[in-house]
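[1] everything below, folded, please.
(one chain, ligands or ions: 1)
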Amino acid sequence: MSSIDATTREALAAPTLTRMTDIVMPEQLNHRGTMFGGVALSMMDRAAFVAATRHSRQTVVTVGVNDVDYVAPVGLGEIVEIVAEIISTGRTSMKIRVTMVAEVLVTGERRLCGTGSFTFVAIGPNDRPVAVPQVTADPSAG
Ligand SMILES: CC(C)(COP(=O)(O)OP(=O)(O)OC[C@H]1O[C@@H](n2cnc3c(N)ncnc32)[C@H](O)[C@@H]1OP(=O)(O)O)[C@@H](O)C(=O)NCCC(=O)NCCS
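    Model (predicted):
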């Protein structure tokens, strides 16, 4: 079997954070020419979904969206990156912290544009909640 290079090895490694990166296109804008909040919310929900699925390896559904703050606009043609991280678990629920960052294409300058907290529940074949692996400590806690 041929050996794999370092990039491929890193691509195959289990990620600790979920990152979703995209470029803001015209159809994602609001009437002011910046990214529409509903589009940003959808991207955050998707990233949180992936993080919750990776943690539980179960079917998961969104049950709660809390404390979504848009602190700066994301512009047309900018790179937008969503970072999702599991921060706590209940018996069947998982809380995911999501951070949205914009990056200017030509300078690489990055700025915080949004944050949010999403709760997912793992469900079994009968559509009822099932237990998830526990997270012991909240990494955001001092
Ligand atoms: C997921 C679902 C099956 C859970 O059913 P339920 O009767 O609420 O189940 P339970 O009361 O046993 O709660 C299950 C867990 O969800 C948590 N939960 C339920 N609603 C919640 C909410 N709004 N926010 C945070 N956690 C919530 C409970 O605290 C519990 O957590 P724990 O097991 O970690 O202690 C049901 O709420 C559902 O189908 N919701 C719709 C999901 C969906 O369609 N999402 C897509 C959005 S369009």
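
[2] tell me the mean pLDDT over stretch 14-26?
    Mean pLDDT, stretch 14-26: 95.

[3] buried residues in it?
    Across stretch 14-26, burial judged by 16 or more other Cβ atoms under 10 Å covers 18, 20, 24. C-beta here means a position set from N, CA and C on the backbone, and glycine is covered the same way.

[4] give the contact list for residue 99.
    Listed by Cβ atoms under 8 Å, 6 or more residues apart in numbering, the contact set of residue 99 reads 82, 83, 84, 112, 114, 115.

[5] er, residue 82 actually
    19, 20, 21, 43, 44, 46, 47, 98, 99, 100, 101.

[6] what does the pLDDT read for it?
    98.

[7] and if you look at residue 2?
    At residue 2, the pLDDT recorded in the model is 69.

[8] got the residues of the chain near the ligand?
    Within the chain, the residues that sit near the ligand (Cβ under 6 Å from any ligand atom) are 61-64, 90-93, 119, 121, 123, 127, 129.

[9] go through this protein and flag its longest strand.
    strand 110-123 (DSSP state E).

[10] how about that strand: buried residues?
    113, 114, 115, 116, 117, 118, 119, 120, 121, 122, 123.

[11] helices or strands up against it?
    helix 37-56, strand 59-70, strand 79-89, strand 93-103 (3 or more Cβ pairs under 8 Å, 6 or more residues apart in numbering; DSSP states H and E).

[12] any idea of the mean pLDDT in the longest one?
    What that stands for is helix 37-56. 98.
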